[in-house]
Structures are given as C-alpha cells and as structure tokens.
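Trainee: Let's see this in three dimensions:
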Amino acid sequence: MRAAEDERRRFALALHDGAGQALSAALLQVEALGAAVPDGSERVAPLRRMLAGTLDELRRIAHALRPATLDSVGLTAALRELVASVATPGLEASLVTGEGDGGLRGEAALHLFRIAQAALANVMQHARATRVEVALARESDALALVIRDDGVGFESRAPGPGAGLGLAGIRERAAALGGSCHIESAPGEGTRISVNVPWEDA
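Mentor: Presented below is the predicted three-dimensional model:
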C-alpha cells in the first residue's frame with residue numbers, strides 16, 4: 001500500500017506540475033490571441049472552454065490521486081473536501097468532527113482518508129442512498145472514523161462484487177494501522193462502517 005501511495009503521489013505531482021502547467025499556459029495564450037484580433041474573444045470561446053474544462057478535470061484527477069489538503073492542512077480539511085465532492089441533489093452528505101483530530105497528517109491520515117474515499121465510492125455506486133454521514137472523533141486513546149448511509153444495504157456475509165473489493169481494502173488499511181474495522185449492514189437498513197485506530201499510531 002505504501003508503494004501504491006508513493007506512485008499515486010508521483011503521478012499527481014506530474015499531472016499538476018507538467019500537464020497542468022502546460023494547459024494553463026495554453027489557456028493564457030488562447031485568451032491573448034482572442035484579445036488581439038477582431039471578434040477574437042468570441043471566436044476562441046469554444047477552445048477556451050475546452051481547455052478550461054480539461055484543466056479542471058486534470059486537477060480533479062490529481063486531487064483524487066493525492067489531495068494536497070491532506071498534507072498541507074490535515075485530515076479533517078481533506079475529508080471536508082471529499083464529502084463535498086460526493087454531495088448531489090439526490091445525496092445529502094455531511095461531515096461530523098470532534099476536537100483534537102483536525103490536523104492529523106502522515107500515514108495514518110492517508111489510510112483513514114482512503115478508507116473514507118472507498119466507503120463513499122461504495123455508497124455512490126451501490127447503496128442508492130439519500131443520506132451519508134462521515135464522522136471523525138478522538139475517543140480516549142483511539143481515533144474513530146464512521147461512515148453510515150441510509151441505502152439499500154446488503155447481507156454482511158455476502159456483499160456484491162464491487163462493494164466486496166472496496167470493503168476488503170478498508171479492512172486491510174485498518175489492519176495496517178493496528179486498528180479494527182466493523183461493518184454492519186442488512187438489506188433495506190443501510191450500512192455502517194466503523195474504523196478505530198490507536199491514537200499513538202496516528
């Protein structure tokens with residue numbers, strides 16, 4: 001998992017510093033060209049929109065690979081961005097946090113972020129939920145991350161193929177931190193994923 005995360009970080013930096021800067025420069029040149037010729041702004045508008053859209057998509061991919069907020073500000077800020085990114089008119093997404101956990105960085109923060117990311121991906125792809133909540137709190141000598149939704153749920157012993165792979169990754173990351181993972185679900189009753197990791201390891 002550490003090797004995979006290192007590779008993700010390398011790709012994210014390459015996208016941001018390489019292709020991202022090249023697209024930004026091209027966008028500036030197109031805007032300058034549009035201002036330099038008669039009716040130029042209107043004529044280059046489709047190209048400007050295409051470049052701007054591509055740049056936004058590239059930044060989204062780079063952020064998904066390795067959110068800069070996680071390293072610069074900490075886990076809570078990164079989770080806030082993640083939760084906001086999955087909210088839609090049909091899915092209400094919220095984040096609840098406690099005291100003393102907001103600035104968590106490092107390997108523990110990365111694993112917990114990936115756990116939340118995988119759980120939310122399962123919600124979006126499989127749960128058909130209308131509400132999902134991510135909660136992060138310090139509990140004595142442990143840090144607790146809970147993701148719960150009001151979706152269709154599943155038989156805990158036999159999740160669907162896509163959800164099963166995501167849940168296996170969540171368990172592996174919790175174990176890598178010396179923590180525990182409990183998954184509770186039943187058809188029609190939503191899903192609750194609880195991860196607890198030792199605070200000293202975090």
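Trainee: A84 - nearest residue in space that isn't next to it in sequence?
Mentor: Of all residues not flanking A84 in the chain, A93 sits nearest, at 7.3 Å (C-beta to C-beta, 6 or more residues apart in numbering). For the C-beta atoms, the positions are set from N, CA and C on the backbone; glycine is no exception.
Trainee: which neighbours does the helix or strand hosting that neighbour have in its sheet, and in what orientation?
Mentor: Element membership of A93, judged by DSSP states H and E, is strand 92-97. In the sheet, strand 92-97 lines up against strand 131-139 (parallel) (DSSP bridges).
Trainee: Can you pull out the low-pLDDT segments for this structure?
Mentor: The model of the chain has pLDDT under 70 over residues 1-2, 5-6, 9, 12-14, 16, 99-103, 156-165, 200-202.
Trainee: Show me which helix runs longest in it.
Mentor: helix 40-65 (DSSP state H).
Trainee: which helices and strands does the next helix-or-strand element following that helix pack with?
Mentor: Per DSSP H and E, the first helix or strand lying C-terminal to helix 40-65 is helix 68-72. For helix 68-72, the packing partners by 3 or more C-beta pairs under 8 Å, 6 or more residues apart in numbering; DSSP states H and E come out as helix 75-86, helix 106-122.
Trainee: for those helices, which one ends up most surrounded?
Mentor: helix 106-122 (a mean of 22; mean count of other C-beta atoms under 10 Å).
Trainee: so is the spatially most distant residue from the centre of the chain in a helix, a strand, or just coil?
Mentor: Centroid-distance maximum for the chain: P38 at 44.2 Å, with C-alpha atoms, centre = their mean. For P38, the assignment made with DSSP: H, G, I helix; E, B strand; the rest coil gives coil.
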